[in-house]
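# whatever this is, show me its structure:
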Amino acid sequence: MLRRTKILATLGPATDDPKVLDQLIGAGVDVVRLNLSHGTHEEHRRRAEIVRDRARASGRQVGLLVDLQGPKIRITGFREGKVFLVQGEQFVLDTQCGPRDGDQHRVGLTFPELIRDVKRGDTLVLADGAIMLWVEEVGETEIRCKVETGGELSNSKGINKQGGGLSAPALTDKDKEDILFAASIEADYLAVSFVRNAEDVDQARALLREAGGSGGIVAKVERAEALDVIEEIIAASEAIMIARGDLGVEIGDAELPAVQKRLIRLARSRNKVAITATQMMESMIEHPIPTRAEVFDVANAVLDGTDAVMLSAETAAGHYPVQTVAAMGKICREAEKQLKVRKSHHRLNSVFGRIDEAIAMAAMYTANHLDVAAIATWTETGYTPMWMSRISSGIPIYALTSHVATRRKVTLFRGVYPVSFDVSNDSDQDINKAIVSEMLQRGAVRNGDLLIITKGDTSGVMGGTNVMKILRVGEHC
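A predicted model of the protein is given here:
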């Protein structure tokens, strides 16, 4: 059984050995992530080159996602590297405190403008929720707080405001330099952190295109205020990433499950990709098997309809990166056996705006109501298989294309598998025969199986899919 849900794994020191990369690719990684919050451009460029080289050697297509750091608001540092905050005591966030002058009573800020964003009664959450500070008073250079939840606090931990409302722009000067880097390595996707609105997405895309990049934009949903305009953000993006760490800090962890389900549903209903991220297999950083809670988490994301599940430190810095990918793949396949994720009522009452979109919807409706073994879509841009992948199904969708960028793009689409295919000068009957031969060689179909083929009358025309053909393998083409 082919796994339909895609696995996105972060590269890092734990995956730098080419042998480990070979094993990751063998275990089923579909897309790799370069996290620009860590490391240098040189390190990430080398990782991108190696993973593409190893993917070619294995005969696989592996997509590449570059993840921008964004305006992460942090404290600076302490003289001793860390302090222990006691509940009920006072603690000051001081914009005048030196970068390593923090102590038990105060610490500096990387974002002095935080002063303008908070008021008495606000709650500031530090270190991904481990520390909570209640704002008592805001001065010209200080935010004086009372410790609500104490504990150890070390250098450079992040700060969120419960409920959201921080004014930091989505794209920093560093991000703009990193976009140039993403274009230079031909990233297939660019993830924008702390998106506030559709304009942030549009700005990132404009900068990427100006730099010569053609990748899709992934809007990371991690600000509370983004949820108020989420439909506009989804419309402006190729994909969204449900970044449950910072989002959970801002809206509260208890709200996350319902929000995750809503965001996946919205993305799929608008023909966009959904990625579920953060702490999915966190225990496997240190242990070779996941907890049962993690198994349920991954499975529930699959049942919700997510296109991809993402691994962060589990593969970038964990002790068991290959085992983690293998375990995640097994969980996905088991969840995909459920009838819920193989049947669909998606867009049954919609009016389609494009011929290729209508062909895609017709193909999936037919496939789900006929005993079809596979769907082969000959595509230039990847739009037809993308639309197909919005329909819940257990039938594999093969995206046949001569364009390497398109093959990489579809690695993120649920249930879509890229195939290198080029028969540009053949007749319609010869093209059908070549597609059937390709499907037979891959084991996707056998003699007697039904196969759906979609393509355009004229090869090489973008958006030109206007033909759907159903044939029985071995009888005719």
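# for residue 420, the count of nearby residues, please.
The burial count assigned to residue 420 is 13, neighbours taken as other Cβ atoms under 10 Å. No exception for glycine: its C-beta is placed from N, CA and C like everyone else's.
# OK, contacts around the closest residue to it other than its chain neighbours?
Ranked by Cβ to Cβ, 6 or more residues apart in numbering and with sequence neighbours excluded, the top spatial neighbour of residue 420 is residue 407, at 6.6 Å. Counting by Cβ atoms under 8 Å, 6 or more residues apart in numbering, residue 407 touches 61, 399, 401, 418-420.
# show me which of those are buried.
Buried members of the contacts of residue 407, counted by 16 or more other Cβ atoms under 10 Å: 61, 399, 401, 418-419.
# touching, residue 90 and residue 146? I think so.
Yes. Counting by Cβ atoms under 8 Å, residue 90 touches residue 146, with 6.2 Å between them.
# quick check, central residue of the chain?
Computing the C-alpha centroid of the chain and ranking residues by Cα atoms, centre = their mean puts residue 275 first, at 3.9 Å.
# okay, that one: pLDDT?
The score at residue 275 is 98. That number is its pLDDT.
# secondary structure element holding the residue nearest to residue 420?
Following DSSP states H and E, the helix or strand that holds residue 407 is helix 404-409.
# buried sites along that helix?
By 16+ other Cβ under 10 Å, the buried positions in helix 404-409 come out as 406-409.
# can you lay out the buried ones among the contacts of residue 407 as JSON lines showing pLDDT, distance to residue 434 and secondary structure?
Putting the buried ones among the contacts of residue 407 into JSON lines (pLDDT from 0 to 100; distance: Cβ to Cβ, whole Å; DSSP: H, G, I helix; E, B strand; the rest coil) gives the following:
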{"residue": "61", "pLDDT": "95", "distance to residue 434": "19", "secondary structure": "coil"}
{"residue": "399", "pLDDT": "97", "distance to residue 434": "15", "secondary structure": "strand"}
{"residue": "401", "pLDDT": "95", "distance to residue 434": "13", "secondary structure": "strand"}
{"residue": "418", "pLDDT": "97", "distance to residue 434": "17", "secondary structure": "strand"}
{"residue": "419", "pLDDT": "97", "distance to residue 434": "11", "secondary structure": "strand"}
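# make TSV from those residues and add distance to residue 440 to it.
Formatted as TSV, those follow (distance: Cβ to Cβ, whole Å):
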residue	distance to residue 440
61	20
399	17
401	19
418	18
419	13
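# and the helix or strand of the chain with the lowest mean pLDDT, what's buried?
Scoring the helices and strands of the chain by mean pLDDT, DSSP states H and E places helix 355-369 at the bottom, with a mean of 89. By neighbour count, with 16+ other Cβ under 10 Å as the criterion, the buried positions of helix 355-369 are 356-361, 363-365, 367-368.
# which helices and strands sit right next to it?
Contact here means 3 or more Cβ pairs under 8 Å, 6 or more residues apart in numbering; DSSP states H and E; on that basis helix 355-369 packs against strand 372-378, helix 383-389, strand 450-456, strand 465-472.
# most tightly surrounded among the ones you listed?
Across the helices and strands packed on helix 355-369, averaging neighbours per residue (mean count of other Cβ atoms under 10 Å) puts helix 383-389 on top, at a mean of 26.
# contacts for that helix?
With Cβ under 8 Å, 6+ apart as the contact definition, helix 383-389 has outside contacts at 271, 273, 307, 356-357, 359-361, 363-364, 375, 377, 379, 397, 399, 410, 413-416, 454, 463, 465.
# and it, how far from the chain's centre?
From the chain centre to the centre of helix 383-389 is a distance of 17 Å (Cα atoms, centre = their mean, to the nearest Å).
# show the average pLDDT along it.
Across helix 383-389, the average pLDDT comes to 94.
# mind telling me what element residue 140 is part of?
Counting by DSSP H and E, residue 140 is held by no secondary-structure element, helix or strand.
# oh sorry, the question was meant for residue 186
In this structure, residue 186 is located outside every helix and strand according to DSSP H and E.
# what's the answer for residue 50, then?
helix 41-58.
# over to residue 219?
Element membership of residue 219 [criterion: DSSP H and E] is strand 216-221.
# next secondary structure after that strand?
Immediately after strand 216-221, counting by DSSP H and E, sits helix 230-236.
# which elements pack onto that following helix?
Applying 3+ Cβ pairs under 8 Å, 6+ apart, one finds that helix 230-236 contacts helix 198-210, strand 216-221, helix 256-269.
# can you lay out these as TSV showing mean neighbour count, distance to residue 20 and mean pLDDT?
What follows is these, written out as TSV (neighbours: other Cβ atoms under 10 Å; distance: least, Cβ to Cβ, whole Å; pLDDT from 0 to 100):
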stretch	mean neighbour count	distance to residue 20	mean pLDDT
helix 198-210	18	30	98
strand 216-221	26	25	98
helix 256-269	18	30	96
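# go through these and name the closest to residue 188.
In this view, those are compared for proximity to residue 188 by Cβ to Cβ, and strand 216-221 is the closest at 7.1 Å.
# would you mind pulling the contact partners of the closest one?
Strand 216-221 has contacts (Cβ under 8 Å, 6+ apart) with 65, 67, 70, 188-195, 200-201, 204-205, 208, 226-227, 230, 233-234, 236-243, 247, 263, 273, 275, 409.
# may I have that strand as PDB, with CA atoms only?
Extracted as PDB, the C-alpha positions of strand 216-221 are listed here (Å, rounded to 0.1, in the frame of the first residue of the first chain):
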ATOM      1  CA  GLY A 216       5.500  28.100  -3.800                       C
ATOM      2  CA  ILE A 217       4.900  30.100  -0.600                       C
ATOM      3  CA  VAL A 218       4.000  28.300   2.600                       C
ATOM      4  CA  ALA A 219       2.300  30.600   5.200                       C
ATOM      5  CA  LYS A 220       3.200  29.500   8.700                       C
ATOM      6  CA  VAL A 221       0.100  30.000  11.000                       C
END
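# neighbours of the closest residue to residue 287 other than its chain neighbours, just the number please.
Leaving aside its chain neighbours, residue 287 sits nearest to residue 320 (7.3 Å; criterion: Cβ to Cβ, 6+ apart). A count of nearby residues for residue 320, using other Cβ under 10 Å, gives 20.
# residues in contact with residue 320?
Residues in contact with residue 320, defined by Cβ under 8 Å, 6+ apart, are 284-285, 287-288, 314.
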